[in-house]
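Colleague: below: sequence and its predicted model.
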Amino acid sequence: MRVELPPLRARTEDIPDLLNHYLKLAARDLGIDAKTLSQDAQEKLVAYEWPGNVRELVNLCMRLSVLTQGTEIRVEDLPAELGESTAAPKDSDWVTALAQWADRAAMSADTPLLDEAIPKLERVLIGAALKRMQGHKREASLLLGWGRNTLTQKMKQLGMN
């Protein structure tokens, strides 16, 4: 029987538990006290893309258990290559950026904020859905939670090809 699992980067909620588990296993195998992750280090590891999936995570836990001084793994203890391949900004980052935009836009509101923001948001989401679905409008509309006709109308309204 074959079990399909999405890549680790698609299961970010599993990463903290996996890190803790494999840090404990590494400590047991090495005969040392288990290391813990600082909040910053954990956040950086959750944001990492994990191209090597769980195997890469297991190897990193072993490496950190051997090389880290003390009992807590900090961001400075993480290998430099992790910084080169981090994922896109965390989900909360776009909310922060939106809040900053709204604060600035509210200061010079020539048009209602929603009239300006919603078309931009829709344009970004439609573009992302079409890219993800390789231009297939039916699949993109399902990803967006719309019908195909709604997607076509929205694209027309927004001047998207």
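Modeller: Perfect, thanks for sending it.
Colleague: what does stretch 3-20 rub up against?
Modeller: Defining contact as CB atoms under 8 Å, 6 or more residues apart in numbering, one finds that stretch 3-20 is touched by 36-37, 42, 45-50, 53-54, 57, 61, 87. Heads up, the C-betas are built off the backbone N, CA and C, glycines and all.
Colleague: oh sorry, the question was meant for stretch 138-150
Modeller: Taking CB under 8 Å, 6+ apart as the rule, stretch 138-150 contacts 125-126, 129-130, 132-133, 137, 151, 154.
Colleague: max pairwise distance over those: which two?
Modeller: Pairwise distances across those peak at 16.4 Å for 132 and 154 (criterion: CB to CB).
Colleague: quick one: which of these two has more around it?
Modeller: residue 154 (18 against 12; other CB atoms under 10 Å).
Colleague: run the chain-centre distance for the longest helix along the chain.
Modeller: Looking across the chain with DSSP state H, the single longest helix is helix 113-132. Mean-position distance between helix 113-132 and its chain equals 19 Å (CA atoms, centre = their mean, to the nearest Å).
Colleague: of the contacts of stretch 138-150, buried ones?
Modeller: Buried by 16 or more other CB atoms under 10 Å: 126, 129-130, 133, 137, 151, 154, out of those.
Colleague: what are the buried residues along stretch 146-159?
Modeller: Those would be 146, 151, 154-155, for stretch 146-159 by 16+ other CB under 10 Å.
Colleague: meant to ask about stretch 113-121
Modeller: Under 16+ other CB under 10 Å, stretch 113-121 has no buried positions.
Colleague: which residues touch it?
Modeller: With CB under 8 Å, 6+ apart, stretch 113-121 has contacts from 98, 101-102, 105-106, 157-158.
Colleague: any chance of the residues you listed in JSON lines, plus pLDDT, distance to residue 80 and secondary structure?
Modeller: Converted to JSON lines, the contacts of stretch 113-121 look like this (pLDDT from 0 to 100; distance: CB to CB, whole Å; DSSP: H, G, I helix; E, B strand; the rest coil):
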{"residue": "98", "pLDDT": "83", "distance to residue 80": "31", "secondary structure": "helix"}
{"residue": "101", "pLDDT": "79", "distance to residue 80": "33", "secondary structure": "helix"}
{"residue": "102", "pLDDT": "82", "distance to residue 80": "36", "secondary structure": "helix"}
{"residue": "105", "pLDDT": "78", "distance to residue 80": "38", "secondary structure": "helix"}
{"residue": "106", "pLDDT": "80", "distance to residue 80": "41", "secondary structure": "helix"}
{"residue": "157", "pLDDT": "93", "distance to residue 80": "46", "secondary structure": "helix"}
{"residue": "158", "pLDDT": "92", "distance to residue 80": "42", "secondary structure": "coil"}
